[in-house]
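K.L.:
the following comprises the amino acid sequence and a computationally predicted model.
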Amino acid sequence: MTLAPRLLLAGLCLATGVAAQDEPRVTGRFFEVRGHGVTREVAAQALSTVEPVWPAVCDFFGVPATPPSVPLAVHLYRDADGYRAADRRLTGGRFGPNQAMSHWRTKSSHVAVQPPCDDKLLAARGLPMQTRAMLAWEACHIVRYELCPNFRLHPGWFFDGLAAAVARRVMTAADAAPQPFFSQRWLRARRLAKEGDLPGVRQLLTDETQDLQMRDRYAARIAFFAFAEERAPEALRRLATKIRGTAASTTYAGTVAAAAVTELGGLEQAFHRFAVEAAPAWDEQVRSLWRVGDGWRQQAFAAADAIALRTVQAPRAGFGARGEVRIEPHGPMEMRLLFAWGAGGGYALSMTAGKGVKLLSVAANGSARAELAAARCDGLRPGAWCRFALSVADGSVYAQVAGHKLEAALPEPMPEQVCWGLSACGGGAGAAVGSVGVWRDLVAEPR
């Protein structure tokens, strides 16, 4: 059975869930998922996500996908508090903010459900896509621990890049559409390349990237691994064999670095050119946006709005957009179509289920600066599809949502170059969850 049907079956099983505070153990051929505060059905869905990781990593190292003698342990926590408690116990709290980590000594991985969601949404929609991605990512690490006795010495570019590559393969097995989660690194790599700060390939291969900010270092490593996998897959796999097969010793790092430069050092110019020209479709400034089927599922964390912008900019002369949105009965239930967006923010068509629509002036972080127009809209119902359309021309904006019309003048001229985007609103101070919605049939174009 392929990955997609397994995930679907697991999601359907959620409707028959057991007590929310169960501590289930669900075992497959390669992994055992140990749930903490989740139902057995949710744990089964996590298992269906990680099971393909073992054969994918074995394939990369060129070894048979023989199951481990004991299934590897993956811990799934219902909330961040449970995860942080485990992280404090295992690492002294080193990976608390990550909400996902793998532990060397116990060869176990630990992931919190993220973004947080209530039991009804979890039962109806299954694990958030970001949770699945992090489960696959961390599962890759513990497979490497199991397959490679020298795993503690592996270079950072290799283990970060491999985890990202395997997670991407697992998450796109049923749908090859580019996902913002996996393409965001190229925006950072492009900026670094244009500013002259993208490390050379020798620097990357020898882990001489300490001068980079952490997220930039992560992005450069992962972007290079992805580039090498596409342009020199055989060389990369020969190097993986060398990384796994070289005995742990004081000469390990030098031996592997020399082999890496021999195999991949010639990619530097091509990699830098590719980075400069990288053009991912989305700039996911705040997670989480995923392509699911024929729509885009967007979910906010409680503390911040999820914001994703289209990277193609257009002249400010005019803009039109239309589509449908389904706002889940979850959190503040507010989704926004962002438009006339520049470096300092822009404007938003705000749609709140059970309430109405607004035209807002919005800061870059999603906070509202001013309300330009508002109307009650009974057609905006939780869990129901609702059509919307928007037009911007000559300094005025016109919107229609479920038959209700709004019109307003923009208080300031638009920037010379603008873009549009999508947002799910966070819950605000003291909230436990953010908004969740699905966008579909989106059409946006300059006018």
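P.N.:
That came through, no problem.

K.L.:
regarding the spatially most central residue of the chain, what is its secondary structure?
P.N.:
Centroid-nearest residue in the chain, with Cα atoms, centre = their mean: F181, separated by 3.2 Å. Assigned by DSSP: H, G, I helix; E, B strand; the rest coil, the conformation of F181 is helix.

K.L.:
is it true that it touches W290?
P.N.:
Yes: checked against Cβ atoms under 8 Å, the pair F181 and W290 is within contact range at 6.8 Å. Using the backbone N, CA and C atoms, a C-beta is placed for each residue, glycine as well.

K.L.:
overlap in contacts of the two?
P.N.:
129-130 (Cβ atoms under 8 Å, 6 or more residues apart in numbering).

K.L.:
just the pLDDT for the nearest residue to A431 once chain neighbours are set aside.
P.N.:
Of all residues not flanking A431 in the chain, A302 sits nearest, at 4.7 Å (Cβ to Cβ, 6 or more residues apart in numbering). pLDDT, the model's per-residue confidence, is 94 for A302.

K.L.:
which helix or which strand is home to A302?
P.N.:
Per DSSP states H and E: A302 is located in neither a helix nor a strand.

K.L.:
so how many other residues sit close to it?
P.N.:
19 (other Cβ atoms under 10 Å).

K.L.:
now the strands for the stretch 1-150 of the chain?
P.N.:
25-27, 31-36, 72-77, 100-103, 108-112 (DSSP state E, counting those that start in this stretch).

K.L.:
okay, the ones you listed, which one's buried deepest?
P.N.:
Across the strands of the stretch 1-150 of the chain, averaging neighbours per residue (mean count of other Cβ atoms under 10 Å) puts strand 108-112 on top, at a mean of 26.

K.L.:
between that strand and strand 72-77, how big is the angle?
P.N.:
20 degrees (axes from the mean of the first three to the mean of the last three Cα atoms, to 10 degrees).

K.L.:
and strand 108-112, how far out from the chain middle?
P.N.:
Strand 108-112 has its average C-alpha position 17 Å from the chain's average C-alpha position, going by Cα atoms, centre = their mean, to the nearest Å.

K.L.:
same check, this time on stretch 138-146
P.N.:
20 Å.

K.L.:
give the buried residues for the helix or strand hosting E229.
P.N.:
Using DSSP H and E, E229 sits in helix 214-231. Across helix 214-231, burial judged by 16 or more other Cβ atoms under 10 Å covers 216-229.

K.L.:
tell me, how many residues neighbour the nearest residue to F151 once chain neighbours are set aside?
P.N.:
Leaving out its chain neighbours, the residue that sits closest to F151 by Cβ to Cβ, 6+ apart is Y145, at 4.9 Å. Residues near Y145, counting by other Cβ under 10 Å, number 22.

K.L.:
dihedrals phi and psi, the nearest residue to Q130 once chain neighbours are set aside?
P.N.:
Spatially, and ignoring its direct neighbours in sequence, Q130 is nearest to S288 (4.6 Å; Cβ to Cβ, 6+ apart). Backbone torsions of S288, given as degrees, to the nearest 10, read phi -150, psi 130.

K.L.:
give me the number of residues near S288?
P.N.:
Applying other Cβ under 10 Å, we find 24 residues neighbouring S288.

K.L.:
show me what the helix or strand encompassing T241 is packed up against.
P.N.:
Using DSSP H and E, the element containing T241 is helix 233-245. Contact here means 3 or more Cβ pairs under 8 Å, 6 or more residues apart in numbering; DSSP states H and E; on that basis helix 233-245 packs against helix 53-61, helix 156-171, helix 214-231, helix 252-264.

K.L.:
starting at the chain centroid, how far to the first one?
P.N.:
Distance of helix 53-61 from its chain centroid, counting by Cα atoms, centre = their mean, is 22 Å.

K.L.:
quick revisit: ok, the residue nearest to A431 to K120 distance?
P.N.:
Distance from A302 to K120, counting by Cβ to Cβ, to the nearest Å: 16 Å.

K.L.:
repeat for F339
P.N.:
Here F339 is placed at a distance of 32 Å from K120 (Cβ to Cβ).

K.L.:
do L47 as well
P.N.:
Counting by Cβ to Cβ, the gap from L47 to K120 is 22 Å.
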